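Undergrad: what follows is a predicted protein model with its sequence.
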Amino acid sequence: MPTVQTPENRLQELGLTLSKVRPSVGNYVSCVRTGNLLFTAGQGVDQYHGKLGKDLTIEEGYKAAQQSMLNVLSAVSYELDGLSKVKRVVKILGFVNSTEDFTDQPKVMDGASDLLVKVFGDKGKHGRSAVGMAQLPNNTAIEIEMILEIEDEEDIR
């Protein structure tokens with residue numbers, strides 16, 4: 001009998017791991033469920049700080065977006081007790097800390113989008129917005145939030 005490829009298996013094959021859930025820095029929760037939709041709070045990164053177009057290259061931004069998405073997936077995994085209940089990634093919204101004249105936010109956000117497709121396959125294809133911001137909390141390079149459709153709402157904490 002062939003083994004089932006889980007999202008966690010795919011992350012492991014990519015040499016990536018989910019970290020502990022980052023603590024909230026305000027009066028909010030990291031995930032909210034309504035019906036079979038799960039909405040995440042924005043997740044930044046601890047490793048990449050500064051503005052795209054000044055302090056960071058597009059390649060560094062791509063890596064920051066990938067790390068931010070790993071932080072989002074950590075929150076989702078905690079909420080769902082794993083990633084196998086993800087039925088579909090519906091949409092991601094990426095906030096890119098960038099200079100006024102930087103226009104490559106979509107290239108930066110490909111770091112998150114590419115990761116989702118590698119981890120979830122066709123279920124990871126999603127709608128997306130990538131917007132430039134004048135500043136983000138703690139001068140983080142990026143912040144991402146996500147909307148997911150989930151398989152079984154009964155099994156969620």
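TA: Nice, I can see it. Because the structure is a prediction, the values reported are computed rather than measured. Residues are numbered from 1 along each chain as shown.

Undergrad: buried ones in the longest strand along the chain?
TA: Among the elements of the chain assigned as strand by DSSP state E, the one spanning the most residues is strand 86-97. Judged by neighbour count (16 or more other C-beta atoms under 10 Å), strand 86-97 contains these buried residues: V86, K87, R88, V89, I92, L93, G94, F95, V96, N97. C-beta: built from backbone N, CA, C; applies to glycine.

Undergrad: what residues sit buried inside whatever helix or strand comes next after that strand?
TA: With elements assigned by DSSP states H and E, the helix or strand that comes after strand 86-97 is helix 105-120. Residues 105, 107-113, 115-116, 118-120 are the ones in helix 105-120 that count as buried (16+ other C-beta under 10 Å).

Undergrad: same deal with stretch 31-45?
TA: Those buried within stretch 31-45 under the rule 16+ other C-beta under 10 Å are C31, L38, T40, A41, G42, Q43, G44, V45.

Undergrad: could I have the CA atoms of the longest helix seen in the chain written out in PDB?
TA: Scanning the chain for the helix with the most residues, using DSSP state H, yields helix 58-80. Extracted as PDB, the C-alpha positions of helix 58-80 are listed here (Å, rounded to 0.1, in the frame of the first residue of the first chain):
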ATOM      1  CA  ILE A  58      14.100  40.700  -4.100                       C
ATOM      2  CA  GLU A  59      15.800  37.400  -3.400                       C
ATOM      3  CA  GLU A  60      15.900  38.200   0.300                       C
ATOM      4  CA  GLY A  61      12.300  39.300   0.200                       C
ATOM      5  CA  TYR A  62      11.300  36.000  -1.500                       C
ATOM      6  CA  LYS A  63      13.000  34.100   1.400                       C
ATOM      7  CA  ALA A  64      11.200  36.400   3.900                       C
ATOM      8  CA  ALA A  65       7.900  35.600   2.300                       C
ATOM      9  CA  GLN A  66       8.600  31.900   2.500                       C
ATOM     10  CA  GLN A  67       9.500  32.200   6.200                       C
ATOM     11  CA  SER A  68       6.400  34.300   6.800                       C
ATOM     12  CA  MET A  69       4.300  31.600   5.200                       C
ATOM     13  CA  LEU A  70       6.000  29.000   7.400                       C
ATOM     14  CA  ASN A  71       5.000  31.100  10.400                       C
ATOM     15  CA  VAL A  72       1.400  31.200   9.100                       C
ATOM     16  CA  LEU A  73       1.400  27.400   8.500                       C
ATOM     17  CA  SER A  74       2.700  26.900  12.000                       C
ATOM     18  CA  ALA A  75      -0.400  28.800  13.400                       C
ATOM     19  CA  VAL A  76      -2.700  26.800  11.100                       C
ATOM     20  CA  SER A  77      -1.100  23.500  12.000                       C
ATOM     21  CA  TYR A  78      -1.500  24.300  15.700                       C
ATOM     22  CA  GLU A  79      -5.200  25.300  15.200                       C
ATOM     23  CA  LEU A  80      -6.000  22.200  13.100                       C
END
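
Undergrad: cool, thanks, signing off.
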